[in-house]
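**Student:** Below is the sequence, then the predicted model.
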Amino acid sequence: MKFFISAGEPSGDLHAANLVLALRERVPDAEFTGFGGPRMVEAGATLKYPLVNLAVMWFLSVFQNIATFLRLIVLADRCFRDEKPDAVVLVDYPGLHWWIARRAKARGVPVFYFVPPQLWAWAGWRVRKMRRFVDLVLCGLPFEPKWYADRGVPHAEFVGHPYFDELHGREVDEAFTASLTADARPLLAILPGSRTLELKRNLPILARAAAKLTARRPDVRFKVACLHEKHRELAEAIVAETLAELDDLPSPDLEILAARTPEVVRAADVAWSVSGSVSLELMMEALPTVVLYKVRPIDLFIARPFIKARYITLVNLLADAELMPEYLTTRDVSDDLVRHADSWLGDPEARARAVAALAALRATAARPGAAGRAADRILARLGPVKTTDASYRGPHARTTTLESVDDQG
């Protein structure tokens, strides 16, 4: 079997890689190509374009890269025509993926959306594209299938959020974690986002908040957890520039780390985080967190009429309550970040209540196995498939060839 898989962000690359592994476990001789990042390559996929390097957000960034997106649509269409994959799997990243889905359907290739974009939150009118171009929506949040069904999309099933697969199976460097907790002083984790633009917009606010909290609580330590070394270098420059402007505030005890998010989160007492999938990791550790997402006024002005959800944070959406105080904002909210952190650090009972609420949600929502369930749904939809691995005896092991594709949704 041949699969074309496309993911456009680091988190999507991770989810796509886990899906590749799950599909290969069921169909060992399957072939995987598409758009993505290094995690997909590690899982055995062949990239036609490193789409993760083109992770963009908001409207202007899309227009600035329109020529590249057009080339990718043509490239995908040629792949569907010449290589004839058995299925196309899209992972989040709306915009470009609608056009890829359109071309796949035109070529008669069934389309699956794994971790669909949050249309219910900001772009409900796009549900008609899901209805027209996607054969099966593999939902990560429990309320999504009903939302789709109410809008004429019956082919939506809940498989769970794939980030929990990674969190349950990920190894944490306990020795490094112990080195962070050896110091008895309170530790605040700062998670500035996985995109460069997020880092540039949010880290100045987070650095100012660190200086302000240090003025109140000189004993607090700060660890900034960046995605990789390039982001660490950028973060160092941003923090240095921001703190240099704060002559009236003390310099915080702040260290910037690369590729150490699991250890920093596990060791921390509280956190400040940019909105994203990392909130699920913070929930898994039951870490009291304030969520920030800074945008430009023009972006928020354009997007505000389309935002329908009560919350922007996945944890709050799962709980249908603001367990993590959140700020989608155009302004400096460093004082708010300080207020929440100071409350948790100064009042053990308040922190314990926040921890208990997150732990209770974790007990009900953090179900691993999404990639495996998604793989099962995809293969069931495609029909009987051939596998040369006699050792696999799961529900989709077959000895016949692909017979039919349900293309009607």
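**Tutor:** Looks like it came in fine.

**Student:** Pull the number of nearby residues for Leu254.
**Tutor:** Other residues near Leu254 number 21, with proximity taken as other Cβ atoms under 10 Å. Glycine gets a C-beta too; all of them are placed from N, C-alpha and C.

**Student:** Confirm it sits in a strand?
**Tutor:** Yes: when classified by DSSP: H, G, I helix; E, B strand; the rest coil, Leu254 is found to be part of a strand.

**Student:** what sits against Gly193?
**Tutor:** Counting by Cβ atoms under 8 Å, 6 or more residues apart in numbering, Gly193 touches Leu199, Asn202, Val274, Gly276.

**Student:** Can you tell me which of those is closest to Ile298?
**Tutor:** Using Cβ to Cβ, Asn202 is the member of those that lies nearest Ile298, at 17.2 Å.

**Student:** Now the closest one: which helix or strand?
**Tutor:** Using DSSP states H and E, Asn202 sits in helix 196-216.

**Student:** how about that helix: buried residues?
**Tutor:** For helix 196-216, a neighbour-count test (16 or more other Cβ atoms under 10 Å) marks 198-199, 201-214 as buried.

**Student:** Please apply the same query to stretch 233-244.
**Tutor:** Neighbour-count burial for stretch 233-244, counted by 16+ other Cβ under 10 Å, picks out Leu234, Ala235, Ile238, Val239, Thr242, Leu243.

**Student:** Tell me where the stretch 251-400 of the chain has helices.
**Tutor:** Assigned by DSSP state H, counting those that start in this stretch, the helices in the stretch 251-400 of the chain fall at 261-267, 278-284, 297-303, 314-319, 334-346, 348-365, 370-382.

**Student:** how about those helices in CSV, adding mean pLDDT?
**Tutor:** Below are these laid out as CSV (pLDDT from 0 to 100):
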stretch, mean pLDDT
helix 261-267, 97
helix 278-284, 96
helix 297-303, 82
helix 314-319, 94
helix 334-346, 98
helix 348-365, 96
helix 370-382, 97
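
**Student:** tell me the most buried of these?
**Tutor:** Stretch with highest mean neighbour count among the helices of the stretch 251-400 of the chain: helix 278-284 (a mean of 24; mean count of other Cβ atoms under 10 Å).

**Student:** nearest to Glu166, of the buried residues of stretch 233-244?
**Tutor:** Nearest to Glu166, judged by Cβ to Cβ, of the buried residues of stretch 233-244 is Ala235 at 23.0 Å.

**Student:** The closest one contacts Glu198, correct?
**Tutor:** No: Ala235 lies out of contact with Glu198 (Cβ atoms under 8 Å); the separation is 11.2 Å.

**Student:** any common contacting residues for those two?
**Tutor:** What both Ala235 and Glu198 touch, as defined by Cβ under 8 Å, 6+ apart, is the set Pro192.

**Student:** residues contacting Ala211?
**Tutor:** Leu243, Leu246, Leu249, Pro250, Ser251, Pro252.

**Student:** List phi and psi for the first one.
**Tutor:** Backbone torsions of Leu243, given as degrees, to the nearest 10, read phi -70, psi -30.
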